[in-house]
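Visitor: pasting the sequence and the predicted coordinates here, then a few questions.
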Amino acid sequence: MRRVRPGAATPRGRGTSGAARGGSPRAAGEERGLTSVAAGDAYEGPGDVPRLWHVTLSVSGDEAPLTEVRRALEQLAHDHPFLLTSRYARDHAEIRYWEEARDLHDAAAVALRLWGEHRRTAGLPPWEIVGLEVIDRDTYHQRVAEGGGPPRATPVGVHPF
C-alpha cells in the first residue's frame, strides 16, 4: 500500500508498486523524483493534534478510614501512572494529573469517568465528583509563574491534606 499526503494527486497510469501499467517497475537504484512545498509555504497537518491538559478532580462523600482512602488512591496511581499527585482526608480527595486529548471537552470527559470507572478496581470510596478544573498547559504554566493557580504538584504521590 502506498501512502499519499491528503490532496496529493497520484500519477495516472501507475499502480501502487510504482510501475507503469503494462510496464516494468523502476530499475534497482533508480531514484524517484521528490515533490516539495514551495519555499515559504507551510504544511498544515490535521487539526486534531492532541494537547496536554492539567486536570484537577475533586471528590467527596461520607467519611472513610484514612488508611483505606490512602490505599485506594495508591492503587489508582499504580494502575494509572499518569497521576501526578493525590491529596486526601476522611471525606474528600483531590487528584491532579496531565491528560493528553484533542480538546478540553475530551479531557473533561475522561476526567469525569475516572473516579466511577475505577471505583471497584482500586477500591475507591463511593464519593461523588464535586469539582473539576481542566486547563491547557500554557495557562497552567502562566498561573504557576504568577504565583497563582494550584499548588505545585510536588512531591508527586499520595499525601494527606
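Guide: Yep, it's here.
Visitor: looking at the protein, which helix or strand does the model trust least?
Guide: The weakest-scoring helix or strand in the chain, judged by mean pLDDT, DSSP states H and E, is strand 157-160 (a mean of 80).
Visitor: ok, and what's touching it?
Guide: Contacts with strand 157-160, where a contact means Cβ atoms under 8 Å, 6 or more residues apart in numbering, come from 66, 70, 73-74, 77, 85-89. From N, CA and C alone the C-beta is placed, and that goes for glycine too.
Visitor: repeat for stretch 77-86
Guide: By Cβ under 8 Å, 6+ apart, stretch 77-86 touches 73, 76, 93-99, 114, 118, 121-122, 153-159.
Visitor: list buried residues within those residues.
Guide: Burial by neighbour count, 16 or more other Cβ atoms under 10 Å: within these this picks out 73, 76, 93-97, 99, 114, 118, 122, 153, 158.
Visitor: tell me the one of these nearest Val49?
Guide: Closest approach to Val49 among the buried ones among the contacts of stretch 77-86 (Cβ to Cβ): Glu99, at 14.6 Å.
Visitor: tell me where the model's unsure across this structure.
Guide: 1-48, 149-155 (pLDDT under 70).
Visitor: please enumerate the strands of it.
Guide: Along the chain, the segments classed as strands by DSSP state E run 51-60, 83-88, 92-101, 128-136, 157-160.
Visitor: determine which of these approaches Val144 most closely.
Guide: Nearest of the strands of the chain (Cβ to Cβ): strand 51-60, 9.8 Å.
Visitor: list the neighbouring strands of the closest one plus their orientation.
Guide: strand 92-101 (antiparallel), strand 128-136 (antiparallel) (DSSP bridges).
Visitor: which one of the ones you listed lies closest to Glu146?
Guide: strand 128-136 (13.2 Å).
Visitor: ok, and what's touching that closest one?
Guide: Applying Cβ under 8 Å, 6+ apart, the contact partners of strand 128-136 are 51-61, 92, 99, 104, 107-108, 111-112, 115, 143, 150.
Visitor: kindly export it (C-alpha atoms) in CSV.
Guide: The C-alpha trace of strand 128-136 is given here as CSV (Å, rounded to 0.1, in the frame of the first residue of the first chain):
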residue,chain,number,x,y,z
GLU,A,128,-19.2,11.8,44.1
ILE,A,129,-17.3,14.3,41.9
VAL,A,130,-17.8,17.8,43.3
GLY,A,131,-15.3,19.7,41.3
LEU,A,132,-13.4,19.6,38.0
GLU,A,133,-10.9,22.0,36.6
VAL,A,134,-9.3,21.4,33.2
ILE,A,135,-6.8,24.0,31.9
ASP,A,136,-4.3,23.9,29.0
